[in-house]
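1. What follows is a predicted structure for the sequence shown.
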Amino acid sequence: MTMTELLVTPLENSKFGAKITLPDYTNDPSKLNDEDFQKLNNALLTYSVLVIPNQENLTPESQHSLNIKFDPSSASNYGHKEELFHSKNSILAKDGKCVPRRPEVMMVGNGTFEAGHEGMKEFTLEHPVHKTFHKKLLSDEELANNQTRFYRWHIDAALYELSPPVVTTLLGLVIPKTNEKMKIIYDDDSGEMIEVAKGATAFASGKVAFDLLSDEDKQFALNTTVVYAPHPYIFINDCKATSDGLTIVSEGKEKSFDELPPWEESKLKKLPLVWTNPTTGNNHLQVHGCCVYQLIDSNTGKIIYEMEDARKKVHSMMRPAISPNNIYCHDWQKGDLCIFHNRGVIHSVTGELNENDKRLMHQCNIASGSDPKLL
């Protein structure tokens, strides 16, 4: 069967997400004609997460080009400044390596790979695991029982100087050969549990998060701005996260501002707590809970919550959206390309991979030319 037009199929048993079947004239989504690309873009803004199978031959150049098509205002650099992203003092330091000829595309995964991939010498990637970032750790018995955690729920964004990317593309090239399932048991009084594929990427919808708020909290969110700390990933480098990966446990371990690299007040990111979807008009509760510094009144600029209480407030607002029936956890197959609306969802790594679980993915997000607008 051949497809003469791009086909969008909503994911079953999920509140968001869709599978994309490309038309028969190309297997490279960056080379879609204008009409089909517009359909793809509308699908992204409608369903938030798109999955295109059989993309193992997609080049870094095409992946980068695809990202720019979604946001022509994109800068020519990765969503983070390289010297800060890989700073030894940043929690992101080990999160990936750049493709040499197309540094906006980051290699992420797990294991050691021989020389030759995209011009690289031998290189090693490290899958993020909760042991390096969470305050309360799973016991050896729990790990032996195939338990895992959401590592860190986040938006792909520098959250200082650079504007949040509109879209992230994530391509699975080497996938561990396993049908193993892992369990996430929510470490609270909810009694909730979800079974996920080993190494699944979890997504939570900002629209769902907003819709689940009380009327009072909706009004609060619509009139609130999030202030992020300067160089936030260095600011929280010594901190530990809550067990659900939504935010930081406040223990006074943040770096003082004078310990950070040079920063300017004008480059601090002050972003609305609610971002409006340009296609659907839906409100999306969008916040990086681990990097929150203050919540302020959008109309007056008055501080509503300082850091510790801001974290607690954000956690209470986002927690319902990561319940099992509200999230989508992608079970990776070789060649899967996930395209997700970085201004419409948050996402998290899951899974405990060992040294034999080789995984290689190409990830691309590019700083936008403008911030989400205040309502």
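-> Now that the structure is in, tell me what you want to look at. Residues are numbered from 1 along each chain as shown.

2. and residue 34, how many neighbours does it have?
-> Residues contacting residue 34 under the criterion other Cβ atoms under 10 Å number 8. Where you see a C-beta, it was placed from the backbone N, CA and C, and this is true even at glycine.

3. sorry, that was for residue 142
-> 14.

4. List of residues touching the helix or strand in which it is found?
-> Residue 142 is part of helix 140-144, with elements assigned from DSSP states H and E. For helix 140-144, contacts defined as Cβ atoms under 8 Å, 6 or more residues apart in numbering pick out residue 352.

5. and that helix, average pLDDT?
-> For helix 140-144, the mean pLDDT works out to 95.

6. now swap in stretch 253-273 and tell me
-> 96.

7. Please point out which parts of that stretch sit buried.
-> 254, 255, 260, 263, 268, 269, 271, 272, 273 (16 or more other Cβ atoms under 10 Å).

8. Check stretch 187-198 too.
-> Buried, per 16+ other Cβ under 10 Å, within stretch 187-198: 194, 196, 197, 198.

9. Looking at those, which two lie furthest apart in space?
-> The most widely separated members of these are 194 and 198, with 13.4 Å between them, by Cβ to Cβ.

10. for the stretch 51-200 of the chain, which spans come out with low pLDDT?
-> Scanning the stretch 51-200 of the chain for pLDDT under 70 picks out 75-87.

11. Show me the strands in it, by range?
-> Ranges of strands in the stretch 51-200 of the chain, per DSSP state E, counting those that start in this stretch, are 97-99, 102-113, 123-125, 167-174, 181-185, 193-197.

12. still on that earlier bit, for the helix holding residue 142, the distance to its chain's centre please.
-> 27 Å (Cα atoms, centre = their mean, to the nearest Å).

13. Around residue 307, count how many other residues there are.
-> If you count neighbours by other Cβ under 10 Å, residue 307 ends up with 17.

14. Now it: closest residue in space, sequence neighbours ignored.
-> Distances taken as Cβ to Cβ, 6 or more residues apart in numbering put residue 293 closest to residue 307, at 5.5 Å, once the chain neighbours are dropped.

15. now the one you found, what's its secondary structure?
-> On the three-state scheme (DSSP: H, G, I helix; E, B strand; the rest coil), residue 293 is labelled strand.

16. separation between it and residue 249?
-> Between residue 293 and residue 249 the distance is 15 Å, computed by Cβ to Cβ, to the nearest Å.

17. who has more neighbours, the two?
-> Legend: neighbour count by other Cβ under 10 Å for residue 293 and residue 249, higher for residue 293 (23 against 15).

18. List the residues that contact that one.
-> Per Cβ under 8 Å, 6+ apart, neighbours of residue 293: 227, 228, 229, 232, 235, 307, 310.

19. if you set the cut-off to 7 Å instead, what comes out?
-> When contacts are counted by Cβ atoms under 7 Å, 6 or more residues apart in numbering, residue 293 touches 227, 228, 229, 307.

20. and the first one, how many neighbours?
-> I take that to be residue 227. The burial count assigned to residue 227 is 17, neighbours taken as other Cβ under 10 Å.

21. Do you know the pLDDT at it?
-> For residue 227, pLDDT reads 98.

22. Return the set of residues that bridge with it.
-> For residue 227, the beta-bridge partners are residue 270, residue 294 (DSSP bridges).

23. buried sites along the helix ranked longest in the chain?
-> Scanning the chain for the longest helix, with DSSP state H as the assignment, gives helix 34-47. Buried residues in helix 34-47, counted by 16+ other Cβ under 10 Å: 36, 37, 39, 40, 41, 43, 44, 45, 46, 47.

24. need the contact list for the fifth one.
-> For residue 41, the contact set (Cβ under 7 Å, 6+ apart) comprises residue 70.

25. Tell me where the stretch 1-150 of the chain has helices.
-> In the stretch 1-150 of the chain, the helices defined using DSSP state H, counting those that start in this stretch lie at 34-47, 60-70, 82-85, 140-144.

26. got it, and the stretch 201-350 of the chain?
-> 206-211, 215-222, 232-235, 307-318.

27. I'd like the average pLDDT over the third one.
-> Confidence over helix 232-235 (mean pLDDT, whole number) is 96.

28. packing partners for it?
-> In terms of contacts (3 or more Cβ pairs under 7 Å, 6 or more residues apart in numbering; DSSP states H and E), helix 232-235 is packed against no helix or strand at all.

29. Find the nearest non-adjacent residue to residue 212, please.
-> residue 320 is the one closest to residue 212 (Cβ to Cβ, 6+ apart), at 4.5 Å.

30. Check what pLDDT the one you found gets.
-> So residue 320 comes in at 98 (pLDDT).

31. Same check on the one 3 residues further on?
-> Residue 323 carries a pLDDT score of 98 in this model.

32. my guess is it contacts residue 192, does it?
-> Yes - between residue 323 and residue 192 a contact is recorded at 5.9 Å, counting by Cβ atoms under 7 Å.
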